[in-house]
Structure formats: structure tokens, C-alpha cells
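Undergrad: fold the following for me, if possible:
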Amino acid sequence: MPVLATLGVTLLRLVGERLEWSPAWFGRVAGGGLALVGIAWLAPIVGAWIGYQLGRAGLRPASLGRAVGVPLAALAVTFLVAAVGVRLEAGQTATGRLAAWGIASVIGVLMALAAWPALGRVLLIYAFAARLPVAGIMWLAIDRRWGTHYDAAPPGFPAVPPLSRWLWTGLLPQTTIWIAWTVILGTLFGAVGYVLGAQRRA
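TA: Below is the predicted model:
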């Protein structure tokens, strides 16, 4: 159900941008511009929902403190590693910055998975199921120049062939940075959902 709902939001976002609906809801700038219609906002909701279901089923984390503390630590480490990577010589270019964030995101995901493995595994599957369709849409948008946020280049990104641009601004972020966003935030809010589900079960 979360995967289908997320796909529906993705398609709605694409239609809204193609038809140039309100930028506040369907922003077309690079990164989406914090538009209200977007699947990034679903990560904490889906995480809480899955945590709630696990709580109702009696599947609990090893420690509630760990289920909350580890995602917070993962969030901090992700930003710290990315910041260090960006300050290095290799991180002074647009591609270098993306690579730094990609590496930091993988580390953050691995940390978050250790918080509550039962929740983390489901969130990881959900994250890829949510983000791979976006990566596919981004390739079509970049190749066909749709004028949406899916094909908007980040500031300072060099002019490169469509495939190279998609690999850097489409595939890489969707399979690392946004996976980390989904898993880390989802795990954090999953702990809240678990408490509610466990109370319901009791």
C-alpha cells in the first residue's frame, strides 16, 4: 500500500509539473523546491505506519532508546561525512559534492539499519521501490527536456551529455541520498509508530 500510494504521488507530481500547476505544490526547480506534493514528505509517515504495524504484531526493537538514538546519530554522521567530503579538493566540483553526499548516505543507511533491523529492512525495500521509478522518470525528463524538476540541473552543474547528467543527478541521488533520507527518517518515526502500535495491541 505505501509503495502504490508513493507511486501515485510521483505520477501526480509529474502531471502537475508538466501542466505547470502552482509552483507551491508542484515546484519545477532543481531538487523540487520544497513543493508540497512530493514523496520526500512520505518517508516519516510510511516509517511511522510500518512501525505501528510491527508494534501491533508484537515485533519490538531491541531497545526503544536505540531505535531513536541510532537514527539521530546516523543523521548527524551523514551530514558530518558529507561536509568533510565537500571540503576536500575532490568535493569542490558539482560531481564531487554529489559523490560525497552519496558516500555519506550509504554510511547513514548502514547505521540506521542497525537501529531496528526488522523495520530497517522493510524501509530499505520501500525506499528503492519508491525511488527507482523516479530515477526512470528523470531519465525520460532529461532526455526529452520536459522542463520539470526531474530534469533541472543543480546550480553549477557542468554541461554534459544526457546520460552522464542522469547518472550523476538522477541515478546516484535516487539510489543513495534519497534512500538515506527515507530509511533514516523512516526509522526515527517508526519508533513513534511502534509505541502507538504496541499500546493498541496491549
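
Undergrad: helix or strand, whichever it is, which one in the protein has the lowest mean pLDDT?
TA: Every helix and strand of the chain was ranked by mean pLDDT, DSSP states H and E. The lowest is helix 177-201, at a mean of 89.

Undergrad: who does that one touch, helix- and strand-wise?
TA: Packed against helix 177-201, as judged by 3 or more Cβ pairs under 8 Å, 6 or more residues apart in numbering; DSSP states H and E, are the following elements: helix 42-56, helix 64-87, helix 94-113, helix 117-144. C-beta: built from backbone N, CA, C; applies to glycine.

Undergrad: any idea which residue is closest to the centre of the protein?
TA: Trp178 (2.6 Å; Cα atoms, centre = their mean).

Undergrad: give the contact list for it.
TA: Listed by Cβ atoms under 8 Å, 6 or more residues apart in numbering, the contact set of Trp178 reads Ala40, Ala127, Arg131, Val134.

Undergrad: and what of Ala127?
TA: Ala43, Trp178, Ile179, Thr182, Val183, Gly186.

Undergrad: pull the most distant pair out of those.
TA: In the contacts of Ala127, the most distant members under the criterion Cβ to Cβ are Trp178 and Gly186, with 11.6 Å between them.

Undergrad: same list (the contacts of Ala127) but as TSV, adding distance to Trp25.
TA: Shown next, in TSV, are these (distance: Cβ to Cβ, whole Å):
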residue	distance to Trp25
Ala43	19
Trp178	20
Ile179	25
Thr182	21
Val183	26
Gly186	23
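
Undergrad: most neighbours among these, which one?
TA: Val183 (32 neighbours; other Cβ atoms under 10 Å).

Undergrad: from memory that residue sits against Leu123, does it?
TA: Yes. Counting by Cβ atoms under 8 Å, Val183 does reach Leu123; the two are 4.9 Å apart.

Undergrad: where in the protein is pLDDT low?
TA: 201-202 (pLDDT under 70).

Undergrad: just to revisit the earlier point, any chance of the contacts of Trp178 in JSON lines, plus distance to Phe157?
TA: Shown next, in JSON lines, are those (distance: Cβ to Cβ, whole Å):
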{"residue": "Ala40", "distance to Phe157": "20"}
{"residue": "Ala127", "distance to Phe157": "24"}
{"residue": "Arg131", "distance to Phe157": "20"}
{"residue": "Val134", "distance to Phe157": "18"}
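
Undergrad: mark which of those are buried, thanks.
TA: Buried by 16 or more other Cβ atoms under 10 Å: Ala40, Ala127, Arg131, Val134, out of the contacts of Trp178.

Undergrad: among those residues, which one sits closest to Ala112?
TA: Each of those was scored against Ala112 by Cβ to Cβ, and Ala127 proved nearest at 10.5 Å.

Undergrad: out of the contacts of Trp178, who's nearest Leu163?
TA: Once Cβ to Cβ is applied, the member of these that ends up nearest Leu163 is Val134, at 17.1 Å.

Undergrad: OK, contacts around that closest one?
TA: Neighbouring residues of Val134 by Cβ under 8 Å, 6+ apart: Thr10, Ile39, Tyr150, Gln174, Trp178.

Undergrad: so the second one touches Ala130, yeah?
TA: Spelled out, it's Ile39. Yes. Applying Cβ under 8 Å, one finds Ile39 in contact with Ala130, separated by 5.8 Å.
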